[in-house]
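Q: From the sequence below, what's the structure:
(one chain, ligands or ions: 1)
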Amino acid sequence: MTLLAAPAKTVVQPRLEITGGKRLSGEIKVNGAKNSALVLMAACLLTRETLRLRNVPRLTDIAAMGEILAALGVQVVRGGEIIDLDGDNITQAAPPYELVNTLRASFFCIGPLLARMGMAQVPLPGGCQIGSRPVVEHVRGLKALGAQVTIDHGVVTAVVPGRRRRLTGGQIHLDCPSVGATETLMMAAVLAEGETTIENAAQEPEVVDLANLLIAMGGRIRGAGTPSIVIDGVDQLHGADYAVIPDRIEAGTLLLAGAITRSDLLVTPVIPEHLKAVLTKLEDAGCHLQVEGKGLRIRADAVRAVDLRTQPFPGFPTDLQAPFMGLLATAQGTSMVVENIFENRLQHVAELQRMGASIRLQGNTACIEGVARLSGAPVQGTDLRASAAMVLAGLAAEGITSVMGLEFLDRGYAALEERLNGVGASIRRVVDPH
Ligand code: UD1
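A: Numbers count the residues shown, from 1 in each chain. Model (predicted):
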């Protein structure tokens, strides 16, 4: 008797199938900044009035943040790129674990909840694909503002002692210029009694965007965008109508799409000051950049090797390290890329190698010898920005590249394939082949 094995059921992951080698041309739109929108949404917890945010990107992370805020009692109304958040009836100071678990940015709730309610209980955000992501600085800062903070069984409980349950201003010196810690502490301090100084603060444009929103809500903040931020606590904040800045990381990714395909592409809107380090590297690599209206036109022909190291803003952003490496894999000459911010953010190297890239890795340094042509292959996006790097490499590669791991890509790039197809790319989303 012959035993016949049941035919194996093939599990096919959703993927993007990219036919490479097409030149891009025309104009491509940049959405609102995901990392800004997430923190700005949390700021609705600071007021009883409605906060209207415009230019909010349509992303799964934004929807998840909306659900978390709704679970706390915020009324969330979404219409296209506008979100209205009404925090008049906050009923909870503890977002549910199941929701928080899906989104690291949910930890942003701790600062405003503490400021408004005098207590907050938020599960510790875990590490993620790119590194351990500690929150030591957030906790140390909240303590400096008078909160009692305990961490038990993976949950951070923060309470403001005293009858009035109001945080008090304090002097905070961050050990490292953490973006998340700076934002959390700004939101906590804005309703505290007295003045708070945050030294060695993060200078990222998203920090400035948050400061501008808080100022529009009646907060008193100066120095955002420099290493020293001073916050004069106010008794209460009011609602606001505020537009999120354009996403500098998405803009950078799209400029790189133009560069890697040796195209002429207008990316808009772009705030060049938000991307200085990246634009300098693109120019060093031989790309031509020109401001055109609210956008930036990139023209690329021959691309040569450049070295770069990731640093806090205004240095080269870690979020564009993987996409830029995609470009360097096709450049003339040898480039060195050093990742200084996250300990596990070079996983795209192995995937780029599958596409014929010549890269040697030693510790946090990658040595990339440009090749004349990448070749299409099945590749896995291992985190959000690594996935973007795979898409870029696929645009330039010979043949077909299948990019899997779309759950990461979709967290940070809304309808990326549609927008790229609109300027001449050939990308097909395959969800179910049957
Ligand atoms: C934010 C961005 C993320 C970006 C990162 C760095 C959001 C939602 N995410 O993440 O896309 O890659 O900035 O630009 O805005 N650190 C500590 N102790 C702490 C906090 C951080 O040592 O308490 C270290 C981290 O391990 C890392 C560095 O500081 O090495 C930067 O982290 P941080 O700026 O906090 O990043 P996030 O705010 O999590």
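
Q: Okay, now the unreliable bits of the stretch 201-350 of the chain?
A: Applying pLDDT under 70 to the stretch 201-350 of the chain picks out no residues at all.

Q: nearest residue to residue 283 other than its sequence neighbours?
A: Nearest non-adjacent residue to residue 283, counting by C-beta to C-beta, 6 or more residues apart in numbering: residue 289, 6.2 Å away. All C-beta spots, glycine's among them, are computed from the backbone N, C-alpha and C.

Q: Let me know whether the one you found touches residue 300 as I believe.
A: No: contact criterion C-beta atoms under 8 Å: residue 289 and residue 300 do not qualify, at 9.6 Å.

Q: Would you mind naming the residues that bridge with the residue nearest to residue 283?
A: When bridges are called by DSSP bridges, residue 289 pairs up with residue 298.

Q: just residue 122 next, same as before
A: residue 156.

Q: Could you check how far it is from residue 60?
A: To residue 60, residue 122 is 20 Å away according to C-beta to C-beta, to the nearest Å.

Q: and those two? which has more neighbours close in?
A: residue 122 (24 against 14; other C-beta atoms under 10 Å).

Q: Could you pull out the buried residues of stretch 338-355?
A: 338-342, 345-346, 348-349, 351-355 (16 or more other C-beta atoms under 10 Å).

Q: so what's the residue nearest to residue 283 up against?
A: 255, 279, 282-283, 296-299 (C-beta atoms under 8 Å, 6 or more residues apart in numbering).

Q: Now with 10 Å, please.
A: By C-beta atoms under 10 Å, 6 or more residues apart in numbering, the residues touching residue 289 are 255, 258-259, 267, 270, 272, 275, 279-280, 282-283, 296-300.

Q: gap between it and the ligand?
A: 23 Å (C-beta to the nearest ligand atom, to the nearest Å).

Q: got a list of what residue 347 touches?
A: 129-130, 322, 380-383, 386.

Q: Contact residues of the stretch 201-350 of the chain facing the ligand?
A: Listed as neighbours of the ligand in the stretch 201-350 of the chain under the rule C-beta under 6 Å from any ligand atom: 202, 206, 317-319, 341-342.

Q: about what we covered before: which ones among the contacts of residue 289 are found in helices?
A: Per DSSP state H, helices hold the following members of the contacts of residue 289: 255, 258-259, 279-280, 282-283.

Q: Would you point out the most distant pair within the residues you listed?
A: Spatial extent of those (C-beta to C-beta) is set by the pair 258 and 280 at 16.4 Å.

Q: count of residues packed around the nearest residue to residue 244 once chain neighbours are set aside?
A: Closest residue to residue 244 in three dimensions, ignoring its sequence neighbours and counting by C-beta to C-beta, 6+ apart: residue 32, at 3.9 Å. Residues near residue 32, counting by other C-beta under 10 Å, number 25.

Q: Dihedrals phi and psi, residue 32?
A: phi -70, psi 160 (degrees, to the nearest 10).

Q: quick one: common contacting residues for residue 289 and residue 300?
A: With C-beta under 10 Å, 6+ apart, residue 289 and residue 300 have common neighbours 255, 258-259, 282.

Q: correct me, but residue 243 touches residue 31?
A: No: between residue 243 and residue 31 there is no contact under C-beta atoms under 10 Å: 12.0 Å.

Q: Now render the residues of the stretch 201-350 of the chain next to the ligand as CSV, adding secondary structure.
A: Formatted as CSV, those follow (DSSP: H, G, I helix; E, B strand; the rest coil):
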residue, secondary structure
202, coil
206, helix
317, coil
318, helix
319, helix
341, coil
342, coil
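
Q: Going by distance to residue 114, which of the residues you listed wins?
A: Of these, the one sitting nearest to residue 114 (C-beta to C-beta) turns out to be residue 202, at 19.7 Å.

Q: ok, the closest one - contacts?
A: Neighbours of residue 202 in contact, by C-beta under 10 Å, 6+ apart: 174, 176-183, 186, 208, 224-225, 227, 229, 312-313.

Q: what does residue 303 give?
A: Contacts of residue 303 by C-beta under 10 Å, 6+ apart are 259-260, 262, 282, 285-287, 327-328, 330-333, 370.

Q: Need the nearest residue in space to it, chain neighbours excluded.
A: Per C-beta to C-beta, 6+ apart, closest to residue 303 is residue 331, 4.6 Å.

Q: what's the spacing between stretch 379-393 and its chain's center?
A: 14 Å (C-alpha atoms, centre = their mean, to the nearest Å).

Q: Quick one, grab the pLDDT at the nearest residue to residue 373 once chain neighbours are set aside.
A: Distances taken as C-beta to C-beta, 6+ apart put residue 398 closest to residue 373, at 5.3 Å, once the chain neighbours are dropped. Residue 398 carries a pLDDT score of 98 in this model.

Q: Residue 398 contacts residue 22, correct?
A: No: contact criterion C-beta under 10 Å: residue 398 and residue 22 do not qualify, at 11.5 Å.

Q: those helices in the stretch 1-150 of the chain, which residues are they?
A: 34-42, 60-71, 97-100, 110-117, 136-144 (DSSP state H, counting those that start in this stretch).

Q: OK, contacts around residue 125?
A: 100-101, 103-108, 133-135, 138, 154, 156, 180.

Q: taking the residues you listed one by one, which sit in strands?
A: Taking DSSP state E, the ones among the contacts of residue 125 that sit in strands are residue 156.

Q: Can you tell me which of the contacts of residue 125 are classed as buried?
A: By neighbour count, with 16+ other C-beta under 10 Å, the contacts of residue 125 hold 100, 103-108, 135, 138, 156, 180 as buried.

Q: now the strands for the stretch 151-300 of the chain?
A: When secondary structure is read from DSSP state E, counting those that start in this stretch, the stretch 151-300 of the chain shows strands at 155-159, 171-173, 195-199, 220-222, 228-232, 240-243, 264-268, 288-292, 295-299.

Q: Export the ones you listed to a markdown table and append columns for distance to residue 115.
A: Formatted as a markdown table, the strands of the stretch 151-300 of the chain follow (distance: least, C-beta to C-beta, whole Å):
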| stretch | distance to residue 115 |
| --- | --- |
| strand 155-159 | 10 |
| strand 171-173 | 15 |
| strand 195-199 | 11 |
| strand 220-222 | 13 |
| strand 228-232 | 11 |
| strand 240-243 | 16 |
| strand 264-268 | 37 |
| strand 288-292 | 40 |
| strand 295-299 | 38 |
